[in-house]
Structure formats: C-alpha cells, structure tokens
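Engineer: Quick one, fold the following:
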Amino acid sequence: MNNDFTFTINSTAFDESYQPSDNTRITTNFANLARGSYREANLRNALKMINNRFNALAHWDNTKGDRYSVELEIISVNMEIKGSDDSFPSIEILKTNILDHKTNKRIEGIVGNNFSSYVRDYDFSVLLQDHNKNQPQFSIPDNFGELHGKLFKYFVNSATYQENFTKLPVICLSVSDNKTYHRTENQHPVLGVEYQPNGSSLTEQYFKKMGLQVRYFMPPNSVAPLAFYFFGDLLNDYTNLELISTICTMETFQKIYRPEIYNANATAGTSYQPNLKNLDHSLTHIVYDREERSQLANEQGKFTEEHFIKPYQTVLEQWSANYA
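Structural biologist: Residues are numbered from 1 along each chain as shown. Below you'll find the model as predicted:
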C-alpha cells in the first residue's frame, strides 16, 4: 500500500507581480489579496509590513533596521493516485527565504507558515456541517480528520518532501476566539511570552491527527498570541532568524484578516480571550474580503467531495486502514 500516492511540488514566487493561477486554492490568504483593482498595492504593502517586522525583531547588528528582507514562495502540492491519470491539488503552504543584505547571503527560512488544504475544507465545510444538520447539539463525526492527518504525515515523510525541504514544517495560525489563554512565566527572546489555553480546540485536535503539537506565544511588541504548530522541538530545532521569518509573515497576514485580534489597540493581558467583535482595533490599508473567503471554503469542500472523496472512496478507506 506504500506507493498509492505520489506527490509533485510546484513553487510560485509571492511578490508584487504575483497572480493566482487557475488551479490555486482561492481561499488562501495570499490569493485573496492578489485580486481586484488594489492587487499591486495590497501585495506591496503586505510585503513591506513583513520586511519591517522582520527587521524590528532581528534588531541585533541591524542599526538602520534594513539588513534583511524576506522572499516568499507559495508551495503547491499535488497528489496523484496510483492507477489513475488524475492529479488532485492537496495542500498549499508558504516557504520563507531570508536575504541578508550585509553578507549578501540567502538563508533558507521555514516551510509551512500558512496552511490550506482541500481535504480540510471538505472536513469542516461539508462533513462537519452535514453531520450537525439535524443534531440537537454540536458533535464531531467518528474518525474526523483521520484521513487528512494520515495524508499529511505521508507527505511530510515522503521522498518528495525530503528532497525539497531540509526541516519539518511549522504552521502558524490565529488563536481560537472561544478559548481563554493564560500568560505563563516562560519567555523566549524571539517568540516572546508563552500562553496556555484553558482547553483543547477543534483545530488543535485536528492538527494533532496530522502529527503536530501546538504552543502559543506572543512575540515582542505583538498584541495577541499566535498558535505555532510543529513537530519535534519548536524552540531548539529552528534558528532565531527562521522563527522570525514565520512570525513576521503570519502576523502580517493576521493583521490584515483578523484585525480585531492582531491589530487591536490593547495588548493581551494575563488572561486573554480573543474577540472577533472587538471594535477597538485599527485597519491596515489592505483590502480583503472575509465573507468571500468563507463562501469559497464551502465551494472547495464540495469540489473535494466530488472529485476526490467520492470517486476514490474505496481506495482511500483501504489506504487509511492500512496506513501505519
């Protein structure tokens, strides 16, 4: 059962001239920014925010605050099923690279950052919704996230992943607005102050099935903690510059998409509950359509059901049952 799926990786530069390809997941953060009449200004402003934040965090030997800039690549992973001519777009992640203008070196950053997946859209927008349609109270279907988790682990352990990336992925997401986070005494020079949630969220449980654990940190001069999902040891497996490349990229995206939390005018205290209805926040000058994004997640979930889950149900069930 080992060679049922093969993966191919495509890389696209995320820069001022980026235009989403026809087969990119249009719900991804970067694709949403790169459409409409504000496209170039959106991209330019977002990239500038990323570079400014990187230099603010990597302040040592950087007196003018312009030593570094970040290059981003969109990594699209397609999956082919053995015996079929079909290739299915499975996940999209971001890869950071760091340019050190003082030494003229290009330093590899972290892969992961943003994470979007067609099967996850299906799980949350189709499977979970259908399961709860006529239920008196919210519940989670049996084996929820099992297939997605196994496919993700299979990809990360694949020769394709290992040929393309030197380290395991780190994914950085927003905190959950139905949890309370408590500040701890633990502090890291780059990741900042660690927070702990009062319980496990559905996203946490879902990512656990992908083999990922989570820690919550609020970086210096941030206003809310970020969720870092990782394999291994987050604090020791990655350099400070690698971690900064993830923080500056994902904090910028969150300021644009979740300004109520990440561009709030008040900083998270000892006990913090994120609030998406918080009016005391500032907006960036970057145009983003949040409503459109959730509609697209539904469309892409249905697309996955039609083109992947239903036609390959037997193969997927057998593979999943045998995957160790």
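
Engineer: Can you classify the most centrally placed residue in the chain by secondary structure?
Structural biologist: Central residue of the chain (C-alpha atoms, centre = their mean): Asn114, 2.4 Å from the mean position. What DSSP: H, G, I helix; E, B strand; the rest coil gives for Asn114 is strand.

Engineer: In the beta-sheet assignment, what are the partners of the spatially closest residue to it that is not a sequence neighbour?
Structural biologist: Distances taken as C-beta to C-beta, 6 or more residues apart in numbering put Leu94 closest to Asn114, at 4.6 Å, once the chain neighbours are dropped. Using the backbone N, CA and C atoms, a C-beta is placed for each residue, glycine as well. Beta-bridge partners of Leu94, counted by DSSP bridges, are Ile74, Gly112.

Engineer: tell me which element Asp61 falls in.
Structural biologist: For Asp61, there is no host helix or strand (DSSP states H and E).

Engineer: Just confirm it contacts His101, I think it does.
Structural biologist: No - using C-beta atoms under 8 Å, Asp61 makes no contact with His101, being 11.9 Å away.

Engineer: More neighbours: which of those two?
Structural biologist: With neighbours defined as other C-beta atoms under 10 Å, Asp61 and His101 compare such that His101 has more, 11 against 8.

Engineer: Do I have it right that that one meets Ser69?
Structural biologist: Yes - judged on C-beta under 8 Å, His101 makes contact with Ser69 at a distance of 7.0 Å.

Engineer: State the distance from the residue of the chain positioned farthest from its centre to Val126.
Structural biologist: Distance to the chain centre peaks in the chain at Pro136, reaching 32.2 Å (criterion: C-alpha atoms, centre = their mean). For Pro136, the distance to Val126 (C-beta to C-beta, to the nearest Å) stands at 21 Å.

Engineer: before we move on, what about Leu168?
Structural biologist: Counting by C-beta to C-beta - Leu168 and Val126 are separated by 29 Å.

Engineer: Would you mind measuring from Tyr229 to Val119?
Structural biologist: From Tyr229 to Val119 the distance is 17 Å (C-beta to C-beta).

Engineer: same thing with Lys153?
Structural biologist: Lys153 is 13 Å from Val119, where distance means C-beta to C-beta.

Engineer: So those two - more neighbours on which side?
Structural biologist: Set side by side, Lys153 and Val119 show more neighbours around Val119, with 24 against 16, by other C-beta under 10 Å.

Engineer: tell me the contacts of the more buried one?
Structural biologist: Val119 makes contacts with Ser90, Leu147, His148, Leu151, Thr304, Phe308, Ile309, as judged by C-beta atoms under 8 Å, 6 or more residues apart in numbering.
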